[in-house]
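# no sequence for this one, just the structure:
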């Protein structure tokens, strides 16, 4: 498993809140992609309602994952590919390493993939002495800087051109420049050498197709085509939920994916890969391996409340509209997936207790659902996670919130359901608040045991008279 | 490497999560039936019976869809005009990686008719076809073709279809049609006939699925969609063309009346 830092959400988010450069970059991204995707949905001949159709299609596939995965694996094997079913991230990495060792692989080029980030594949390969080069420009920048991606499709969005210029000057030995075309050319040159000399290519998988027995890979740069065509061996790692039933389903799904991800009609490159090079063909890998990964997904599948999240196609549209993501960036979420999708999937994959702050940080504004190309109800699941944290759930190993919080909530519900108690407590509170410091017309801190409430919000002082009292005075 | 145990355990776990009953008679073909025959036939007929005007309209759509993604669509009267235009591109561009000017081309009926070796002879530019030579072993041939494609600054391919709606070239993988010709050289040139243009993805997937070759080879081991030249916006969201793949993509569409019916390979 990759390094998980989701426990540090509060600290990391607080740091990011001061980062004006990050905010400017993310505002630009959201302005362009967030609004662009919405416009692109509206411009569909079928209208934005096509997202509901896609939702149905995805959930039907998820409800029949067993059949679809068997069909997919069977067809890929018939076409000369090899399929490995990995229960855990460790199993997947171990299998990839075994294949690499068998082929005496010294250098791996990687097409952009989040699932290999999830299982920490790079770290294990480097530890095994195999050079592992990220080939997507953004991922390459992040790798040179020894960081992690902060956005699913724009991994280096948090870095300025000046920072990248300095990084390239240091790592690639080129004269400093902050000109994006010149920097891109420098990476193009460096990575071309890697592509041409790599023994193995590793990619993720966007959507698979059970009917034809193919995975698909999507990129704008061409890094995944390079990684899956030039080296002798290609391994694709796929989250088990990515399979779709029919080729025809891809009509709707790819149109929505391209629009949701980048407000495009179609990504520059889409490849359907179903096996290794066939005899007579001039290029393509000699071996093709597909690793189908569980890593906690069957547990999500078994829970009706969260099964819906498996319909996600990881386009990052939800990041591009989320007001919280816009201010804290991707690193605060502490795992491969950030933004609203990260808020839901990270606790489910790494532990709800451990990632407890993520769902508390969201606003429940609902923008993510509107932006989702497959109409996944993220706000519902964020709320469900909060409920689990409050109530506890042994099935997920969630310990309930402290007795104190529960007790207070029970008392509160008693008070607000009685006019008499409510009025009396208002009177007490009005007296009490006189003792509290007020800044800019707001109470900044409540005393214990109420201090939790003002930890991340200010409170408006109670008015001298309630609405009810004013009404009685005026009209009686 | 793959053990059935490995797959069986995995699938059983998925079945348990889905609460599939022990007596399970769900079948793929029942759950995900094909669309009704009439619907498929109507799509295929529509494509087959497109009038000259409708094909022109699709070409126009393709040109428009190509603009925002820097896909340069150029209509040409016939193969001679295309060959001359390609010779022009070879003339006015310089190799990116410092090799002498060389061109890699698919060994493909339509590309053959361009006679590019002849068209480029006056410039003394070598044209490499991506098929195995007669006495050569497959391994030797692959190594030679790989090197030639790496050294080429322009790659010339055709395509099976081109989707007007998204300006997407669609290529199946076949012997003699190397995948890297459209990927590794700096400039990619594609040549198709106007009747290879189709309207949208729905038409594409219908054609792929109902191709007479589908039973034999499916959609092939690698089906590639290309919509414009390689691009990235990973540095401060500034759009740059030529991240890893070609920097330029020129698509020549032959509109001359010599074709009859939809082009098959």
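Nice, I can see it. Computed from a predicted structure; not experimentally measured.

# didn't residue B:63 look like it was pressed against residue B:72?
No: counting by Cβ atoms under 8 Å, residue B:63 does not reach residue B:72; the two are 9.3 Å apart. Every residue, glycine included, has its C-beta placed from N, CA and C.

# neighbour-wise, which of those two wins?
residue B:63 (18 against 15; other Cβ atoms under 10 Å in any protein chain shown).

# And stretch A:191-203, what's buried?
Within stretch A:191-203, the residues that count as buried by 16 or more other Cβ atoms under 10 Å in any protein chain shown are A:191, A:192, A:194, A:195, A:198, A:199, A:200, A:201, A:202, A:203.

# Which secondary structure elements does the helix or strand containing the second one sit against?
For residue A:192, the host element (DSSP states H and E) is helix A:180-197. Secondary structure elements in contact with helix A:180-197, counted by 3 or more Cβ pairs under 8 Å, 6 or more residues apart in numbering or on different chains; DSSP states H and E, are strand A:107-110, helix A:137-144, helix A:161-172, helix A:223-229, strand B:240-241.

# Need these in JSON lines (columns: distance to residue A:441).
Converted to JSON lines, the helices and strands packed on helix A:180-197 look like this (distance: least, Cβ to Cβ, whole Å):
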{"stretch": "strand A:107-110", "distance to residue A:441": "54"}
{"stretch": "helix A:137-144", "distance to residue A:441": "44"}
{"stretch": "helix A:161-172", "distance to residue A:441": "41"}
{"stretch": "helix A:223-229", "distance to residue A:441": "54"}
{"stretch": "strand B:240-241", "distance to residue A:441": "50"}
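
# Quick one, which of these gets closest to residue A:464.
With Cβ to Cβ as the measure, helix A:161-172 is the member of these nearest residue A:464 (53.5 Å).

# What residues sit buried inside the closest one?
Across helix A:161-172, burial judged by 16+ other Cβ under 10 Å covers A:163, A:164, A:165, A:167, A:168.

# what's the residue in chain B that chain A sits nearest to in contact with, if anything?
Closest to chain A within chain B is residue B:245: 2.9 Å, counting by Cβ to the nearest Cβ. With contact set as Cβ atoms under 8 Å, 6 or more residues apart in numbering or on different chains, residue B:245 has these partners: A:221, A:222, A:225, A:226, A:268, A:269, B:182, B:183, B:184, B:188, B:229, B:230.

# where's the last one relative to residue A:214, distance?
Summarising the geometry, the distance separating residue B:230 from residue A:214, computed by Cβ to Cβ, to the nearest Å, is 22 Å.

# Then the third one?
Using Cβ to Cβ, residue A:225 is found at 15 Å from residue A:214.

# ok, now the second one?
Here the distance between residue A:222 and residue A:214 works out to 19 Å (Cβ to Cβ).

# What does the pLDDT read for the residue sitting nearest the centre point of chain B?
A centroid search over chain B (Cα atoms, centre = their mean) returns residue B:171, at 2.7 Å, as the residue closest to the centre. Per-residue pLDDT puts residue B:171 at 98.

# What residues are bridge-paired with it?
Listed beta-bridge partners, residue B:171: residue B:224 (assigned using DSSP bridges).
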